[in-house]
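Enquirer: Can you look at this prediction? I've put the sequence above it.
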Amino acid sequence: MWCVFLSFNCPPKHLITHPSTRLHHVTFPLGSCGNITANQGPTFPSGARIVLAFNTIIPSRLIHKLNTLGMSNTLCSWIMDFLTCRPQCVRMAILNMDNAVVDLETLQALYENRAQKEEMDQIERHTKSNAEKEKAKPLDKPEQFLLQLAEIPQFSGRVFCILFQSTFTECISNVQRKVHLLQRVCTALQSGEGVLQVLGLVLAFGNFMNGGNRSRGQADGFTLDILPKLKDVKSSDNSQSLLSFVVAYYLRHFDEDAGRETCVYPLPEPQDLFQASQMKFDDFQRDLRKLRKDLNTCSSETEKVCAGSSVEHLQPFKNKMEKFLSLARTELEDQEKQLSGTQKSFVELSLFFSVKPKAGEKEVSPNTFFSLWHEFSTDFKELWKRENKRLLKERSD
């Protein structure tokens with residue numbers, strides 16, 4: 001097992017709390033990079049090998065090792081700060097696909113500000129022209145950093161894949177959550193027992209009120225735009241609306257748990273209906289098409305990175321990306337099928353309630369359909385809560 005000794009400016013003496021924790025007495029494993037200790041010196045002659053060994057340090061693992069050796073937390077924190085300010089920290093995070101130290105936001109910034117071809121050509125020309133001069137003018141730190149990033153094997157392709165992996169998970173989860181809510185609301189409105197009972201009461205009371213009218217007093221159904229208007233239909237003494245009467249009748253004759261904590265609201269929640277009214281199938285389809293396009297690009301970039309990487313830098317990128325791409329394709333196909341099924345359910349639901357498109361619409365939109373239900377459910381729930389409290393008080397008395 002090879003070890004390396006970190007030789008850099010030591011921290012203040014008060015940070016070293018015990019002789020056993022002195023930095024020049026500590027050695028730790030770093031992989032097959034050679035062995036350097038304070039007493040023995042390097043076992044290989046090349047200074048480049050020392051740099052190679054230092055650049056393989058993974059800060060989080062190093063700090064864990066130093067903690068197990070008894071080094072103080074303060075000193076470990078100082079070493080961590082030193083290491084994470086070095087370019088090799090970015091290098092190792094990208095090669096190992098580890099965002100524990102270099103987070104995704106930082107990688108995004110590095111990717112967006114990476115050197116373009118013209119900039120790299122200028123930096124390389126400057127480096128070559130100064131190599132033969134005795135008093136060479138060094139690159140400024142920003143240019144040095146860009147050069148170090150460009151020296152990371154397949155930097156652009158690797159970072160694109162890492163960022164897309166995170167973006168894909170977030171986007172597919174967002175679409176999945178919305179489509180699932182939409183499907184749940186459609187199912188509840190078409191076959192929910194409570195919904196059918198409430199609609200049945202509205203139809204029965206409407207026919208009763210219109211009993212003297214042959215055409216309107218024997219209706220087999222009604223249009224949904226009636227629902228938000230029920231609160232405006234008042235009793236003869238103006239003390240109660242038709243909606244409040246429907247709510248009270250439903251709770252007293254259909255809900256066995258009325259007035260108890262176990263009482264379940266019979267309609268979809270107003271907030272769910274509002275969210276459903278804001279959704280557009282075109283937006284979902286556009287998002288999934290973009291994910292499909294970016295997934296194909298990521299697959300292509302993965303192939304380029306693997307083809308252009310040495311055996312030393314091939315893993316863990318190859319295995320992780322192949323696993324991700326396989327799962328991502330499956331998730332995307334499943335979500336496309338789910339969206340298609342939900343859209344079909346919505347069309348059937350619109351036909352079930354005989355809702356027609358608004359002027360200028362080719363087909364019924366979720367906004368047109370669910371806005372009616374959102375207004376009705378909001379009014380219904382307010383009265384439902386009030387009536388439940390009244391029943392609870394009656395039970396306690």
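Expert: Received it, and whenever you're ready, just let me know what you need.
Enquirer: Show the contacting residues for L230.
Expert: L230 sits next to 202, 241-243, 246, 376, 379 when contact means CB atoms under 8 Å, 6 or more residues apart in numbering. To be clear about C-beta, it is placed using only N, CA and C from the backbone, and glycine gets the same treatment.
Enquirer: What's the separation between the most centrally placed residue in the chain and L288?
Expert: Against the mean C-alpha coordinate of the chain, by CA atoms, centre = their mean, the closest residue is E170 at 2.7 Å. Taking CB to CB, to the nearest Å as the measure, E170 falls 14 Å from L288.
Enquirer: hang on, the earlier thing: the contacts of L230 in helices, which ones?
Expert: Applying DSSP state H to these, the entries found in helices are 202, 242-243, 246, 376, 379.
Enquirer: Reformat these as JSON lines; add distance to F346.
Expert: As requested, these are exported to JSON lines (distance: CB to CB, whole Å):
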{"residue": "V202", "distance to F346": "22"}
{"residue": "L242", "distance to F346": "29"}
{"residue": "L243", "distance to F346": "26"}
{"residue": "V246", "distance to F346": "26"}
{"residue": "F376", "distance to F346": "18"}
{"residue": "D379", "distance to F346": "23"}
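Enquirer: Please check those residues and keep the buried ones.
Expert: Buried by 16 or more other CB atoms under 10 Å: 202, 242-243, 246, 376, 379, out of the ones in helices among the contacts of L230.
Enquirer: which of those lies closest to K280?
Expert: Distance to K280 across those (CB to CB) is lowest for F376, with 21.8 Å.
Enquirer: Tell me which residues touch the closest one, please.
Expert: Residues in contact with F376, defined by CB under 8 Å, 6+ apart, are 227-228, 230, 267.
Enquirer: Now with 7 Å, please.
Expert: Applying CB atoms under 7 Å, 6 or more residues apart in numbering, we find F376 in contact with 227-228.
Enquirer: next one: phi and psi at K280?
Expert: When read as degrees, to the nearest 10, the backbone of K280 gives phi -130, psi 130.
Enquirer: I should have written K234 there, sorry.
Expert: The phi/psi pair for K234 (degrees, to the nearest 10) reads phi -110, psi 160.
Enquirer: Which residue, neighbours along the chain excluded, lies closest to it?
Expert: If the residues on either side of it in the chain are set aside, K234 comes closest to S241, at 5.7 Å by CB to CB, 6 or more residues apart in numbering.
Enquirer: Now do that neighbour against P366, distance only.
Expert: Taking CB to CB, one finds S241 at 28 Å from P366.
Enquirer: So between the two, which is more surrounded?
Expert: P366 (21 against 17; other CB atoms under 10 Å).
Enquirer: right, and the more buried one touches F274 too?
Expert: No - P366 is not in contact with F274 according to CB atoms under 7 Å; the separation is 10.9 Å.
Enquirer: Show me the helices in the stretch 251-397 of the chain, by range?
Expert: Along the stretch 251-397 of the chain, counting by DSSP state H, counting those that start in this stretch, helices occupy 270-277, 281-308, 311-314, 317-352, 366-396.
Enquirer: Could you list the low-pLDDT ranges of the stretch 151-300 of the chain?
Expert: Scanning the stretch 151-300 of the chain for pLDDT under 70 picks out the ranges 212-218.
Enquirer: picking that back up, how about the residue nearest to K234, what does it touch?
Expert: 230-231, 233-234.
Enquirer: Three-state assignment for the residue lying closest to K304 once chain neighbours are set aside, please.
Expert: Leaving aside its sequence neighbours, K304 sits nearest to G157 (CB to CB, 6+ apart; 5.4 Å). Put simply, G157 is helix when judged by DSSP: H, G, I helix; E, B strand; the rest coil.
Enquirer: Could you tell me how many residues sit around G157?
Expert: 20.
Enquirer: Pull the contacting residues for it.
Expert: 301, 304-305.
Enquirer: so which of these is the most crowded?
Expert: Using other CB under 10 Å as the neighbour test, the contacts of G157 are led by V305, with 22 neighbours.
Enquirer: any idea how far the nearest residue to K381 once chain neighbours are set aside is from K337?
Expert: Spatially, and ignoring its direct neighbours in sequence, K381 is nearest to P270 (6.0 Å; CB to CB, 6+ apart). Using CB to CB, P270 is found at 30 Å from K337.
Enquirer: Looking at these two, which is more packed in?
Expert: P270 (19 against 10).
Enquirer: Any figure for the gap between the more buried one and L189?
Expert: P270 is 13 Å from L189, by CB to CB.
Enquirer: Could I get the contacting residues of K320?
Expert: M97.
Enquirer: now do Q275
Expert: By CB under 7 Å, 6+ apart, the neighbours of Q275 are L181.
Enquirer: gap between it and G192?
Expert: 17 Å.
Enquirer: and if you look at L242?
Expert: 21 Å.
Enquirer: Repeat that for L230.
Expert: L230 sits at a distance of 19 Å from G192 (criterion: CB to CB).
Enquirer: Check D237 too.
Expert: D237 is 34 Å from G192, by CB to CB.
Enquirer: ok, these two, which is more surrounded?
Expert: Comparing D237 with G192 by neighbour count (other CB under 10 Å), the higher total belongs to G192, at 16 against 6.
Enquirer: Please report phi then psi for the more buried one.
Expert: phi -70, psi 130.
Enquirer: contacting residues around it?
Expert: No residues are in contact with G192 under the rule CB under 7 Å, 6+ apart.
Enquirer: what's the distance between it and K178?
Expert: 20 Å.
Enquirer: just the helices in the stretch 101-250 of the chain please.
Expert: Residue ranges of the helices in the stretch 101-250 of the chain, as given by DSSP H, counting those that start in this stretch, are 104-112, 117-131, 141-150, 155-191, 193-209, 242-253.
Enquirer: Export these as a markdown table, with columns for distance to I94.
Expert: Shown next, in a markdown table, are the helices of the stretch 101-250 of the chain (distance: least, CB to CB, whole Å):
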| stretch | distance to I94 |
| --- | --- |
| helix 104-112 | 8 |
| helix 117-131 | 17 |
| helix 141-150 | 9 |
| helix 155-191 | 5 |
| helix 193-209 | 53 |
| helix 242-253 | 60 |
